[in-house]
Structure formats: structure tokens, C-alpha cells
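Colleague: Need a 3D model of the sequence below.
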Amino acid sequence: MTKGITPEQFAYRINTLKGQTSATIIYDKKHVIELLKKFDLPSNNNYFRKYIDYGMIVRIKPGEFKFPAAPVHISKIVNALTELREKSREYAAKSNAKKHGFLEEVKEENEVQPIEEPNDEDKIARCIDFLKSKGFLILRQV
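Modeller: Now for the predicted structure:
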């Protein structure tokens with residue numbers, strides 16, 4: 001999944017790390033990153049976010065983290081690594097496109113398109129849709 005590390009190796013390393021740390025000790029981000037590096041686990045911001053999203057690291061409050069007591073199942077690791085791999089592919093594709101000039105050229109400032117003002121019915125319809133998306137029950141227009 002990631003270069004040089006299989007999901008099985010990743011699971012072994014993260015579970016070994018969790019086994020050697022206490023679930024009650026709270027660490028700051030810098031210390032958690034040092035622990036990840038000690039076990040040869042990726043520790044950049046994208047991976048750190050996925051560790052939190054998939055419950056491999058628990059955020060107590062901003063800047064304070066701990067490792068949960070339960071081991072991490074390999075399926076969580078495979079899912080996290082797959083998402084990270086897709087995200088890095090997208091980033092690489094955008095970077096290559098930008099580097100080689102494949103992106104569409106931005107319109108010059110002189111070519112500003114006029115924006116049509118929506119009428120009142122459109123505004124009301126969008127407001128109703130927004131409120132419905134937030135869970136409000138709209139029975140009829142007033």
C-alpha cells in the first residue's frame with residue numbers, strides 16, 4: 001500500500017507501539033510523531049489525520065492525544081492506506097498537470113462574465129432546500 005510497508009507490517013508496528021504505550025497517558029503531537037517515527041511508521045499530517053479518523057490515535061482535545069487500548073484491526077489499516085494512496089495519486093496528478101501545463105488557462109481579468117441575479121423564487125427555493133438539508137421540516141411556503 002505505501003512504499004516499502006505492507007498492511008500486515010503496518011498493523012504489527014502500530015499494535016506493537018500501542019502495546020508499549022499506556023492508554024491512560026496523554027501525549028502532545030510532537031511526542032506522538034516521535035513514537036511513530038521510532039516504529040518506522042509514516043508520520044506526516046495526512047497520515048496523522050487518518051490515524052485519528054480510524055481510531056488508531058484518539059484526540060482528547062486540540063494538541064493532546066492518546067493511544068486506545070484496543071488493537072487496530074487490519075481492515076481499518078487497509079482502508080486508511082487505500083484512502084491515503086488515492087489522495088496521493090490525485091495530488092501527484094494535479095502536480096504533474098500543473099508542472100506540464102495541462103490545466104486550463106485562467107481567464108484574463110478583462111473577460112469577466114456577468115452574473116445573473118437570481119429572482120426571489122430561486123432564492124426562496126434555495127433557502128428552503130438549505131433548511132431541509134439541516135433537518136428542518138418545511139410544510140408550506142409562507
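Colleague: going forward, measure contacts between C-alpha atoms and count neighbours the same way
Modeller: Will do.
Colleague: Tyr27 reaches Phe65, doesn't it?
Modeller: Yes. In this structure, Tyr27 is within contact of Phe65 by C-alpha atoms under 8 Å, at 5.2 Å.
Colleague: When these two are compared, which one has more neighbours?
Modeller: Phe65 (20 against 16; other C-alpha atoms under 10 Å).
Colleague: Quick check: the more buried one is in a strand.
Modeller: Yes. Counting by DSSP: H, G, I helix; E, B strand; the rest coil, one finds Phe65 located in a strand.
Colleague: OK, contacts around it?
Modeller: The contact partners of Phe65, taken as C-alpha atoms under 8 Å, 6 or more residues apart in numbering, are 26-29, 32, 57-59.
Colleague: Which residue is the nearest non-sequential neighbour of it?
Modeller: Arg59 (4.5 Å; C-alpha to C-alpha, 6 or more residues apart in numbering).
Colleague: After the host helix or strand of Gly19, which helix or strand is next? Please name it.
Modeller: Under the criterion of DSSP states H and E, Gly19 resides in helix 7-20. Where DSSP H and E defines the elements, the next helix or strand beyond helix 7-20 is strand 27-28.
Colleague: Show me what secondary structure element comes after that next one.
Modeller: helix 29-38.
Colleague: Now find how far off-centre that following helix is within its chain.
Modeller: Taking C-alpha atoms, centre = their mean, to the nearest Å, one finds helix 29-38 lying 19 Å from the centre of the chain it belongs to.
Colleague: which residues sit against that helix?
Modeller: Contacts of helix 29-38 (C-alpha under 8 Å, 6+ apart): 17, 42-43, 63-65.
Colleague: Show me how far the regular element (helix or strand) spanning Tyr47 is from its chain's centre.
Modeller: For Tyr47, the element it lies in under DSSP H and E is helix 45-53. Relative to the chain's own centre, helix 45-53 is displaced by 7 Å; criterion: C-alpha atoms, centre = their mean.
Colleague: now for it, which elements pack on it?
Modeller: Judged by 3 or more C-alpha pairs under 8 Å, 6 or more residues apart in numbering; DSSP states H and E, helix 45-53 is in contact with helix 74-100.
Colleague: Let me see the mean pLDDT of the helix it packs on.
Modeller: Helix 74-100 carries an average pLDDT of 82.
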